[in-house]
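Trainee: What follows is a predicted structure for the sequence shown.
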There are 2 protein chains.
Amino acid sequence: MNTENRTAEHIVKSYDDELKRLTGEIQRMGEIALAQLAAAINAVMERDSDAAMTVVQNDRSIDSLEQEVSHDVVRLLALRQPMAHDLREILAALRIAADIERIGDYAANVAKRSLVLNQSAPVQLTSALPRLARLAETLVREVLAAYQENDAGRALAAWARDEELDEQYTGLFRELLTYMMEDPRNITPCTHLLFMAKNIERIGDHATNIAENIYFLVHGTQIAQARRKGDSTSAMMIDDPR
Amino acid sequence: MNTENRTAEHIVKSYDDELKRLTGEIQRMGEIALAQLAAAINAVMERDSDAAMTVVQNDRSIDSLEQEVSHDVVRLLALRQPMAHDLREILAALRIAADIERIGDYAANVAKRSLVLNQSAPVQLTSALPRLARLAETLVREVLAAYQENDAGRALAAWARDEELDEQYTGLFRELLTYMMEDPRNITPCTHLLFMAKNIERIGDHATNIAENIYFLVHGTQIAQARRKGDSTSAMMIDDPR
């Protein structure tokens, strides 16, 4: 039977080979997600709807890679029945793949919204949006490298920089609100820009999730420092020094 | 050794008992997430900052339940080394727990933003926001029941209703934009309301994820119908009949 043949073929491979294949797929997912984010921001800045459509369509390739990872994880668990560290490694791969899939979704969402933005007159686009995206890209690139190299220190450094991303996001949020107040014609396009910025801020949160998984994988403990995660605009008007 | 004692104790339990414990934890997580969402919306409508703070703080209990689930999954995989359907069941539990944890996060985000909203003068709050939340609650409740009963039909029915949620969300989005255009003083509070609505819309997406997992668990195949998922406001200005 075909299934048995395939099973036999896999048993011949070493566990390390299988794991390498898995992390290779994850790195490939990460590379595509990063390319998608860069292409989405480019489509926004250039008002290039064709390029945006391409980003939306390409999201499927990340989704199908995630399904491959998921499939490989199930096969590895069933055939190898790994224990302790090996088991942790495989479950971390599953989680990291899920986070990258979400990062791809957010990049595709940015592209989708740019299609809408291009229906209205151009708004004053500051450099703040691509700057935010570049920082998010850096964080994702760093956690991918940390995963590749099993480097908890590098993961922790990227994790800490998410605060910087949150600050940039808050600045952009305020800036966009100001434009909206200046001219009601800005309200609709700036609302879409707000959601794009939010998507990018969320990419940073997923990068920190990945960093936390790597840290746990290496040290077996959680990142200890409690950091308020996410969107500080949800508290930006509170008159509280924190 | 203590660890060995605990291991021995667990081996005595039947696999079914362990699985029951796992799904019980997930149902408990789901109940808390639903209560959190209801409490958050109530805090928004009543402008009750104390109640909102309670919701924000309670999010931790969902997070720690998810960690328990995660821990139990690792133990089950390591000790029982399940194959085929059992393995799928355990991995589905892991995924469903992650989705519920996200639902809890979104409820907490709504509460967090209500704290900001209460800093500004009351805005005209339509019934659209609690209506949206009630529908999201229904979807989550339905997928939890479907999970409990292993009922793919019920999961599919809830999955299909996410489209209704998206439509309600789009209506609310337009309504809020209108308020913003009518009076610039509405811009900041309505922006926060937009993000709250978006959080609720995302809860619906996680309910559909759970439904997809249940469907796959029961039938071993993906839900076939391709449904455009998520936020249709990202395409609301495109002059396209789709």
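Mentor: The structure has been received and is ready for your questions.
Trainee: Just the C-alphas of stretch A:27-34, formatted as PDB.
Mentor: Extracted in PDB, the C-alpha atoms of stretch A:27-34 (Å, rounded to 0.1, in the frame of the first residue of the first chain):
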ATOM      1  CA  GLN A  27      12.000  29.200   8.200                       C
ATOM      2  CA  ARG A  28      10.600  29.200   4.700                       C
ATOM      3  CA  MET A  29       7.200  30.300   6.100                       C
ATOM      4  CA  GLY A  30       8.900  33.100   8.000                       C
ATOM      5  CA  GLU A  31      10.800  34.300   4.800                       C
ATOM      6  CA  ILE A  32       7.500  34.400   2.900                       C
ATOM      7  CA  ALA A  33       5.700  36.200   5.700                       C
ATOM      8  CA  LEU A  34       8.500  38.800   5.800                       C
END
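Trainee: so where is chain A shaky, pLDDT-wise?
Mentor: Residues of chain A meeting the criterion pLDDT under 70: A:1-13, A:224-232, A:234-242.
Trainee: What segments of it are helices?
Mentor: A:2-12, A:15-46, A:49-80, A:84-117, A:128-149, A:152-160, A:162-182, A:187-219 (DSSP state H).
Trainee: want to try TSV for those, with mean neighbour count and distance to chain B as columns?
Mentor: (Glycine included, C-beta is placed from N, CA and C.) Listed next are the helices of chain A as TSV, based on neighbours: other CB atoms under 10 Å in any protein chain shown; distance: least, CB to the nearest CB, whole Å:
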stretch	mean neighbour count	distance to chain B
helix A:2-12	9	12
helix A:15-46	19	12
helix A:49-80	17	5
helix A:84-117	23	4
helix A:128-149	20	16
helix A:152-160	19	17
helix A:162-182	19	5
helix A:187-219	23	5
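Trainee: Now render those helices as TSV, adding distance to residue B:51.
Mentor: Shown next, in TSV, are these (distance: least, CB to CB, whole Å):
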stretch	distance to residue B:51
helix A:2-12	54
helix A:15-46	38
helix A:49-80	38
helix A:84-117	30
helix A:128-149	33
helix A:152-160	32
helix A:162-182	25
helix A:187-219	25
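Trainee: what's the distance between residue A:83 and chain B?
Mentor: 5 Å (CB to the nearest CB, to the nearest Å).
Trainee: typo on my end, residue A:48
Mentor: For residue A:48 relative to chain B (CB to the nearest CB), the value is 15 Å.
Trainee: Now that residue. Its backbone dihedrals?
Mentor: Main-chain dihedrals, residue A:48, degrees, to the nearest 10: phi -100, psi 100.
Trainee: before we move on, what about residue A:122?
Mentor: phi -60, psi 140.
Trainee: cool, and the one 4 residues further on?
Mentor: Its backbone dihedrals place residue A:126 at phi -80, psi 170, with angles given as degrees, to the nearest 10.
Trainee: do the same with residue A:183
Mentor: phi -150, psi 120.
Trainee: and it, how many neighbours does it have?
Mentor: When neighbours are counted by other CB atoms under 10 Å in any protein chain shown, residue A:183 registers 12.
Trainee: excluding its backbone neighbours, what's nearest the residue nearest the centre of chain A?
Mentor: Closest to where the C-alpha atoms of chain A average out (CA atoms, centre = their mean) is residue A:103, at 2.8 Å. In this structure, residue A:103 finds its nearest non-sequential neighbour in residue A:33, 4.6 Å apart by CB to CB, 6 or more residues apart in numbering or on different chains.
Trainee: surely residue A:132 meets residue A:164?
Mentor: No: using CB atoms under 8 Å, residue A:132 is not in contact with residue A:164, being 10.2 Å away.
Trainee: The residue nearest to residue A:103 contacts residue A:107, correct?
Mentor: Yes: using CB under 8 Å, residue A:33 is in contact with residue A:107, at 6.3 Å.
Trainee: what's around the closest residue to residue A:173 other than its chain neighbours, how many residues?
Mentor: Leaving aside its chain neighbours, residue A:173 sits nearest to residue A:233 (4.5 Å; criterion: CB to CB, 6+ apart). By the measure other CB under 10 Å, the count of residues near residue A:233 is 24.
Trainee: dump the residue contacts of residue A:233.
Mentor: Residue A:233 makes contacts with A:169, A:170, A:173, as judged by CB atoms under 8 Å, 6 or more residues apart in numbering or on different chains.
Trainee: 10 Å instead?
Mentor: A:166, A:169-174, A:177, A:194, A:197-198, A:201, B:113, B:116, B:191-192, B:195 (CB atoms under 10 Å, 6 or more residues apart in numbering or on different chains).
Trainee: what do you get for residue A:191?
Mentor: Here residue A:191 is in contact with A:113, A:116, A:176, A:180, B:173, B:176-177, B:180, B:187, B:190-191, B:194, B:233 (CB under 10 Å, 6+ apart).
Trainee: Just the closest of these to residue B:40, please.
Mentor: residue B:194 (15.8 Å; CB to CB).
Trainee: any idea what sits nearest the closest one, other than its immediate chain neighbours?
Mentor: In space, residue B:194 is closest to residue B:176, 5.3 Å off (CB to CB, 6+ apart).
Trainee: Let me know whether that neighbour touches residue B:193 as I believe.
Mentor: Yes: when contacts are counted by CB atoms under 10 Å, residue B:176 is listed as touching residue B:193 (5.6 Å).
Trainee: Next, show the common contact partners of these two.
Mentor: Joint contacts of residue B:176 and residue B:193 (CB under 10 Å, 6+ apart) are B:123, B:126, B:128, B:129, B:186.
Trainee: And the residue nearest to the centre of chain A, how far from residue B:46?
Mentor: With distances taken as CB to CB, to the nearest Å, residue A:103 is found 37 Å from residue B:46.
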